[in-house]
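Peer 1: Please find the sequence and the predicted model below.
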Amino acid sequence: MIDMDLASLYETETKRLKEQVKRNRDRFPDDFMPARRTGRFELTSEEKQQLVANCDRLKSLKHSSINPMAFTEQGVAMLSSILRSPKAIKINIEIMRAFVYYRQLLLQNQDLYKKVKELDDKINHVFQFLLSKIEVNKNTSEPVGYKLKSKK
């Protein structure tokens, strides 16, 4: 999750959330904040651009000079130790429940995932077959497609 979303859920300013994280850096190791590299908590400018390009709801970040912070499930859990308002505690519990529910859905739907993957593989195989036939037909003078019967 990114800081903007978490701040909205906690009903606080993104700036205040970031301040608390920066004051408590030792509570957020690298694996709790995947964007953190060499002491940085923020996404890189390139990562921010990709995020804005892929998520319409984050267009407001496009012209921001400050890069957002990204948090894993563990990072969000750690926020509960630094954000102690009743609202923050309640929201944190709900976020943790959402992560658990999401993980359960993924585990329960392994069969569905396998079937979708098999179907995708079949479609890719057929697509590659068709591309090879088109390539062969390109090298001949015959048109590709159906031959129409002439009307008499």
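Peer 2: Received, thanks. Residues are numbered from 1 along each chain as shown.
Peer 1: Distance from the lengthiest helix in the chain to the middle of the chain?
Peer 2: Taking DSSP state H as the criterion, the chain has its longest helix at helix 110-138. Mean C-alpha position of helix 110-138 versus that of the full chain (Cα atoms, centre = their mean, to the nearest Å) differs by 25 Å.
Peer 1: what does stretch 88-98 give?
Peer 2: 20 Å.
Peer 1: Next, give phi and psi for L107.
Peer 2: Per-residue torsions, L107: phi -70, psi -40 (degrees, to the nearest 10).
Peer 1: Report how many residues lie close to it.
Peer 2: 8 (other Cβ atoms under 10 Å). Quick note: C-beta positions are derived from backbone N, CA and C, even for glycine.
Peer 1: what sits against it?
Peer 2: Going by Cβ atoms under 8 Å, 6 or more residues apart in numbering, L107 touches no other residue.
Peer 1: Got the confidence number for it?
Peer 2: With respect to pLDDT, L107 scores 81.
Peer 1: shaky segments in the chain?
Peer 2: 33-41, 137-152 (pLDDT under 70).
Peer 1: those helices in it, which residues are they?
Peer 2: Using DSSP H, helices in the chain cover 3-9, 14-23, 45-54, 73-82, 86-108, 110-138.
Peer 1: For F32, find the nearest of these.
Peer 2: Closest to F32 of the helices of the chain is helix 73-82 (Cβ to Cβ; 3.8 Å).
Peer 1: Quick one: the helices of the chain as a markdown table, columns for distance to K62 too.
Peer 2: Formatted as a markdown table, the helices of the chain follow (distance: least, Cβ to Cβ, whole Å):
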| stretch | distance to K62 |
| --- | --- |
| helix 3-9 | 12 |
| helix 14-23 | 15 |
| helix 45-54 | 5 |
| helix 73-82 | 24 |
| helix 86-108 | 26 |
| helix 110-138 | 33 |
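Peer 1: Mind checking those for the one nearest to S60?
Peer 2: Here helix 3-9 is closest among the helices of the chain (Cβ to Cβ), at 7.9 Å.
Peer 1: what's in contact with the closest one?
Peer 2: Contacts for helix 3-9 (Cβ under 8 Å, 6+ apart): 13-14, 16-18, 21, 58, 60-61, 68-71, 76, 79, 91, 95.
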